[in-house]
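**Student:** the following comprises the amino acid sequence and a computationally predicted model.
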Amino acid sequence: MGHNTYFLAQNQKEIGIVPPDFLNETAMNQSEWIKKDLEYNWHPYTQMKDCVNFPPILIEKARGAKLYDANGKFYYDTISSWWSNVHGHNHPRIMSAIKKQASLLDHVLFAGFTHKSAILLAEKLVSLAPEGLRKAFFSDNGSTAVETALKMSFQYWRNTGNRRKTKFICLDYGYHGDTVGAMSVSGVGLFNKVFSPLLFSAFKAPSPYCYRCPLGKTRDSCGIDCVGLLENILREKSDNIAALILEPIVMAAGGMIIYPPEYLRRAAELSRKYGIHLIVDEVATAFGRTGKMFASEHASIAPDFMCLSKGLTSGSLPLGATLVSDKIYKAFYGDYREKKAFYHGHTFTANPISCSAALESLKVFEDEDTLGKANKISALFHAGLERFRALEIVGDVRRIGLIGALEIVRDRARKKPFGFEERIGQKIYKEGLKANLILRPLGSIIYLILPLCVKKNEIEYIIDKTYSVIASIKPKVTGGVRPLCD
Ligand SMILES: Cc1ncc(COP(=O)(O)O)c(C=O)c1O
């Protein structure tokens with residue numbers, strides 16, 4: 001038995017995995033798999049030419065906070081597979097709920113038909129969500145959950161006789177997905193720049209990015225004055241604005257920008273004051289990431305719309321949900337001839353298998369006291385993150401719940417970032433992989449979003465190794481502009 005085969009067999013035994021038949025029957029080694037991958041697949045957010053020298057890693061299986069590649073090497077899933085995994089990979093209860101549902105009903109159209117998993121899931125989400133959210137509209141992913149909210153808000157105003165409210169307001173470092181509507185209300189960084197001519201115009205308020213305060217103030221004495229920049233736009237333009245959309249507390253893809261709950265509370269108040277809807281995009285922040293079930297709870301706000309996905313199924317299957325208030329729902333409710341219905345949907349709306357995974361995930365939250373445990377262990381995580389302040393290239397350390405972010409800078413005193421060409425994040429990512437970590441960067445932001453199942457010894461390992469990786473980076477000296485969403 002070769003070295004790799006030995007570890008593979010050990011890992012399979014350890015985590016009780018039986019490979020599916022089609023994999024057993026396909027006798028190819030790892031490099032043959034990668035060759036085939038590059039022959040047929042086009043990966044997201046990837047310059048495929050980079051894959052020639054830096055190919056994707058063939059992942060074969062996963063358990064808890066770990067992914068295992070085809071050589072048996074493990075990686076801590078330190079970004080929870082794009083911020084989706086919550087209870088750990090292949091959680092036995094979620095896997096068994098999926099199998100049970102699959103044996104009964106794989107899929108059914110959701111217009112004219114319904115099913116028990118969607119009914120129970122909608123009821124559960126409404127019972128957990130902030131006050132006032134009463135109905136769930138299901139879709140497939142985070143972008144569709146956002147598109148649904150934007151279109152519903154737009155149509156609400158039409159249905160209620162206001163044809164002037166056709167615009168949206170958002171934050172300049174916000175990110176809400178890659179579909180055209182979601183891109184239109186996101187910050188225009190590297191992700192969206194090329195598509196700018198396609199997008200509809202939206203008002204963009206400066207973000208509450210404390211490390212690079214739009215007003216040049218410091219957090220201890222700022223009075224959250226940056227919310228005034230949002231109000232300035234609303235004062236002039238609210239007659240034309242349908243809704244404010246924002247990510248509560250953590251602006252994730254924009255650089256894991258963590259902002260004070262007071263900003264969120266006041267932004268919610270402004271939405272009421274100026275008669276616009278509030279859409280909270282909790283796609284990345286919900287399901288315990290920030291220490292609360294929903295990040296909106298940090299500011300006790302009552303939004304009109306809440307967008308969910310990612311952690312909804314504990315990252316096991318695709319599902320999106322847009323929760324709405326009764327006021328919104330009622331504006332669409334009427335006689336057929338009034339043409340008030342919401343003519344929007346997706347083939348896999350409320351897929352039964354995805355709904356059953358989500359429902360089980362929410363039960364696991366209760367039965368395993370997931371939030372209580374995550375909140376206890378996050379103290380250790382936060383203490384570990386504080387150590388990074390000693391490193392010269394770490395300009396800022398941000399943390400909340402099991403999210404931690406390090407803003408890497410070339411010149412700490414002047415907060416000067418590295419140059420785009422230097423790909424400092426990419427260098428750290430490559431070193432991280434050698435140390436069993438996935439430090440996939442957002443430009444020059446290195447972050448950890450740990451699954452809520454993470455254990456004490458795992459946090460210690462992840463922090464120690466991340467520290468060694470970042471401490472080992474010896475930068476060249478060149479200029480730079482902080483790129484948004486590299
Ligand atoms: C806040 C937020 N909204 C929406 C999305 C889009 O979700 P999806 O990638 O499932 O379309 C993301 C994805 O990262 C996100 O972070």
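**Tutor:** Alright, I've got the coordinates. Residues are numbered from 1 along each chain as shown.
**Student:** from here on, contacts and neighbour counts on C-alpha atoms
**Tutor:** Will do.
**Student:** which bits of the protein sit near the ligand?
**Tutor:** With the criterion set to C-alpha under 6 Å from any ligand atom, the chain comes near the ligand through 141-143, 175-177, 247, 252-253, 281-284.
**Student:** could you save those as CSV and add columns showing neighbour count, pLDDT and secondary structure?
**Tutor:** Below are the residues of the chain next to the ligand laid out as CSV (neighbours: other C-alpha atoms under 10 Å; pLDDT from 0 to 100; DSSP: H, G, I helix; E, B strand; the rest coil):
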residue, neighbour count, pLDDT, secondary structure
141, 21, 98, coil
142, 27, 98, helix
143, 25, 98, helix
175, 29, 97, coil
176, 31, 98, coil
177, 23, 97, coil
247, 25, 98, coil
252, 24, 97, coil
253, 23, 96, coil
281, 29, 98, strand
282, 29, 98, coil
283, 30, 98, coil
284, 27, 98, coil
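**Student:** domain ranges for the chain, per the record?
**Tutor:** With domains defined by automatic domain parsing, the chain comprises 3-87+370-471, 93-367.
**Student:** mind telling me which of those the model trusts least?
**Tutor:** Lowest mean pLDDT within the domains of the chain: domain 3-87+370-471, at a mean of 90.
**Student:** would you mind measuring from residue 457 to residue 440?
**Tutor:** 22 Å (C-alpha to C-alpha, to the nearest Å).
**Student:** so between those two, which is more surrounded?
**Tutor:** Between residue 457 and residue 440, residue 440 has the larger neighbour count (other C-alpha atoms under 10 Å), namely 21 against 9.
**Student:** who are the contact partners of the nearest residue to the more buried one once chain neighbours are set aside?
**Tutor:** Counting by C-alpha to C-alpha, 6 or more residues apart in numbering, residue 440 lies nearest to residue 429, which is 5.4 Å off, once chain neighbours are set aside. By C-alpha atoms under 8 Å, 6 or more residues apart in numbering, residue 429 lies in contact with 438-441.
**Student:** now residue 129
**Tutor:** Applying C-alpha under 8 Å, 6+ apart, we find residue 129 in contact with residue 294.
**Student:** phi, psi of it?
**Tutor:** Backbone torsions of residue 129, given as degrees, to the nearest 10, read phi -70, psi 160.
**Student:** apart from its neighbours in sequence, what residue is nearest the closest residue to the ligand within the stretch 51-200 of the chain?
**Tutor:** Residue nearest to the ligand within the stretch 51-200 of the chain: residue 142 (3.2 Å; C-alpha to the nearest ligand atom). Take residue 142 and drop its neighbours on the chain: the residue closest to it by C-alpha to C-alpha, 6+ apart is residue 309, 5.0 Å away.
**Student:** what does that neighbour show for phi and psi?
**Tutor:** Dihedral pair for residue 309: phi -170, psi -140, per degrees, to the nearest 10.
**Student:** would you mind measuring from the residue nearest to residue 440 to the ligand?
**Tutor:** 19 Å (C-alpha to the nearest ligand atom, to the nearest Å).
**Student:** list the buried residues of whichever strand or helix holds that residue.
**Tutor:** Using DSSP states H and E, residue 429 sits within helix 424-434. Neighbour-count burial for helix 424-434, counted by 16 or more other C-alpha atoms under 10 Å, picks out 424-433.
**Student:** and the helix or strand hosting residue 381, what does it pack onto?
**Tutor:** For residue 381, the host element (DSSP H and E) is helix 370-386. The helices and strands touching helix 370-386, judged by 3 or more C-alpha pairs under 8 Å, 6 or more residues apart in numbering; DSSP states H and E, are strand 394-400, helix 456-471.
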